[in-house]
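Participant: I'd like to go over a predicted model; first the sequence, then the structure.
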Amino acid sequence: MAIQFTFHHKEKYIASKQWEDSLIRHQKIVEKAILGSKEKVQYANMLGWMDFKLFASNEELDEINTLSKSIRENYDVLVISGVGGSIQATLAVIQCLKTADFETVILGNTLSARAINSILKKIKNKRVYFINIAKNFGTLEPGIGFRFMTDYLKATTECYAQHVSVIGTKHSELHELAEEEGFRFWPFYDEIGGRYSGLSVVSLLPLAINNISIEDYIEGAKSLQEKYRKGKLVDNPSYQYALARFELYKAGKDIELFAHFEPFLEHVAKWCVQLFAESEGKENKGIFPTRASYSEDLHAIGQYVQEGQRKLFETFLHIDKLDDQLQVPVNDVEDGFSYIEGKLLKEINDIAYRATIAAHDDANVPCLVITLDELDAKHIGELFYFFMVACYMSSMLIDVNPFDQQGVEAYKSYMFTSLEG
Ligand code: PA5
C-alpha cells in the first residue's frame, strides 16, 4: 500500500468498541465521497475533482508538455499569479519535486509593495513567461499580479500576449479578454473548486514547466480512486482518517496541527490547511487546522503541544524512503557532538520524529500519521486525492458544504467599499 493511515495508540483516545461502531455507523453518510459525480449525490455539480475526464485529456497533456518544453527552452523565468486554493497545490508539488533548473516566481498572493517590488527586481531583463490562474477573475491579489505582469510584458516585448497563458472559467471575463488579446486560454472547470483543482489543468502547466511528470501525478490519484472504488469502506484510509478526526473533534480536540520533519513538505502542509479550513470552517463548526515544520518548530510551538491546552491533535506527514543521504562529518573538533558523528541525517531525523510522537502521545496529544512510501509525482497525486476524499467525507460527517467559502467574502465587502468609494 503506497499510502498508509495510522493512529498511534488509538485505543487510548477512542475505545475499540466505539471505533468499530463508528466505522459501521457512518458508512452511509460518507460513501458518496467515493462514488463520484455520476451518482446523484449532494453537491454533484462540485465533484469534478473525482472525474478524471475533466482533469486533462491526452490531447491536453500533449499540448501542455509541448508548450512546457518550449517555455523551458525560450524563457528564463516563469511567473505565476494566483492565490489561495487555486495555486496552493502547484506550489506544494513544485516545492517537493522540482528538479529542473528553471526559475519559478509567485506573484498575485500579496498586496505588499515590498514583496512585489522584490519580484519585479528579480525578473528585470529576464525573458518571462506568465501564467495567470483565476477561477473568478475578480480576486484582488492575482488581479494586481496580472496588472503588473501585463505591464511588464507590454513594456519589454513586442507581442506581449504570446508570453501569457491564462487559466480561468469558460465564458468568463478572463476568457473574453484572452480572446481579445490573444492569450492562451486553459479552462478552470465549473465543477472543480479552487482548493480541489490540484490535479486538474489548473496545476499541470506550471508543473510540466518544472519538469514534473504530470502523467505520473494524475496516475497516482487515479490508481487510488480505483482502489477506493473496489475496496471496502471500513478499510479505506481516507475514511479512517476522516472518522478519527470526527471522533477527536467530538471529544473536544478541535485543533489539528499538520506536522512534518522535512521543510520541503511545508507547502503540502499549507495545502492541507487551505483545504480543511475553507471546506469545514463554517456554521460555527469545524476543526481549526494549522501547521508546523519540525524539528525547527519543536523549539517553539513544541512547548505548547507538550504542555499547553489539551485541545489539539497532530497529523504527521511522513515519507518512508528518501533518496538524499548525508552523513554527519567525523572530525577532531571537541564540540560535544561526537555521539552522532558518522550517523546518517535521515536516521537522526527519524529518531527525532519517533521521539516526538512518543512525547506528544505521553502528553495526551493524539498523533495521526499519513505515510507515503516515497516522494515522487505519483505519490503526491495519491496524497492529494487521499486528502480531498477525506475532507469531503469529514465535511459530510460534521454536515457542512465543503465546496463553498462565503466567509472569505466578509472582509472583501469592507475593502471594496473603501477602495471604490
Ligand atoms: O478554494 C477556493 O475556492 C479559494 O481558495 C480560491 O481558490 C481563492 O479564493 C482564489 O480564487 P480565484 O482563483 O477565483 O482568484
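Facilitator: Nice, thanks for sending it over.

Participant: CA atoms for contacts and neighbours, from now on please.
Facilitator: Fine.

Participant: Quote the end-to-end distance of stretch 4-19.
Facilitator: In terms of CA to CA, to the nearest Å, the two terminal residues of stretch 4-19 are separated by 18 Å.

Participant: What lies in contact with that stretch?
Facilitator: Identification of contacts with stretch 4-19 by CA atoms under 8 Å, 6 or more residues apart in numbering yields 237-238, 240-241, 244, 247-248, 361, 366-372.

Participant: with those residues in mind, which one is nearest to the ligand?
Facilitator: For those, the closest approach to the ligand (CA to the nearest ligand atom) belongs to residue 238, at 19.9 Å.

Participant: what secondary structure does that closest one sit in?
Facilitator: helix (DSSP: H, G, I helix; E, B strand; the rest coil).

Participant: Now do the closest residue to it other than its chain neighbours against the ligand, distance only.
Facilitator: Closest residue in space to residue 238, ignoring its immediate chain neighbours: residue 390 at 4.6 Å, by CA to CA, 6 or more residues apart in numbering. Going from residue 390 to the ligand by CA to the nearest ligand atom, to the nearest Å gives 16 Å.

Participant: and what of residue 387?
Facilitator: 14 Å.

Participant: does that residue sit in a helix or strand, and which one?
Facilitator: helix 377-398 (DSSP states H and E).

Participant: what mean pLDDT would you report for that helix?
Facilitator: Helix 377-398 shows a mean pLDDT of 96.

Participant: Following it in sequence, what is the next regular element?
Facilitator: That would be, after helix 377-398 and using DSSP H and E, helix 409-420.

Participant: Is there any residue in that following helix that contacts the ligand?
Facilitator: No - contact of helix 409-420 with the ligand (CA under 6 Å from any ligand atom) is absent, the minimum separation being 9.3 Å.

Participant: So which bits of the stretch 51-200 of the chain are right by the ligand?
Facilitator: Within the stretch 51-200 of the chain, the residues that sit near the ligand (CA under 6 Å from any ligand atom) are 83-86, 133-137, 139, 193-195.

Participant: again, only this time at 8 Å
Facilitator: Residues of the stretch 51-200 of the chain found near the ligand (CA under 8 Å from any ligand atom) are 82-87, 133-143, 168, 193-196.

Participant: which secondary structure element contains residue 257?
Facilitator: strand 255-260.

Participant: avg pLDDT for stretch 183-197?
Facilitator: In this model, stretch 183-197 carries a mean pLDDT of 94.

Participant: what's the answer for stretch 322-331, then?
Facilitator: Average pLDDT, stretch 322-331: 92.

Participant: Please save the CA atoms from it in PDB.
Facilitator: Output of stretch 322-331 as PDB, limited to C-alpha atoms (Å, rounded to 0.1, in the frame of the first residue of the first chain):
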ATOM      1  CA  LEU A 322      14.100   9.400   0.800                       C
ATOM      2  CA  ASP A 323      17.000   9.400  -1.600                       C
ATOM      3  CA  ASP A 324      19.100  12.200   0.000                       C
ATOM      4  CA  GLN A 325      21.900  10.700   2.000                       C
ATOM      5  CA  LEU A 326      24.100  12.800   4.200                       C
ATOM      6  CA  GLN A 327      26.400  11.700   7.000                       C
ATOM      7  CA  VAL A 328      27.400  13.800  10.000                       C
ATOM      8  CA  PRO A 329      31.100  14.700   9.400                       C
ATOM      9  CA  VAL A 330      33.700  12.900  11.600                       C
ATOM     10  CA  ASN A 331      36.400  15.300  12.800                       C
END
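
Participant: mind listing the strands in this protein by residue range?
Facilitator: Using DSSP state E, the strands found in the chain span residues 3-8, 77-81, 103-107, 128-134, 164-168, 184-187, 255-260, 288-293, 312-321, 367-374.

Participant: how about those strands in a markdown table, adding mean neighbour count?
Facilitator: Output for the strands of the chain, formatted as a markdown table (neighbours: other CA atoms under 10 Å):
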| stretch | mean neighbour count |
| --- | --- |
| strand 3-8 | 17 |
| strand 77-81 | 23 |
| strand 103-107 | 19 |
| strand 128-134 | 26 |
| strand 164-168 | 23 |
| strand 184-187 | 19 |
| strand 255-260 | 23 |
| strand 288-293 | 20 |
| strand 312-321 | 20 |
| strand 367-374 | 20 |
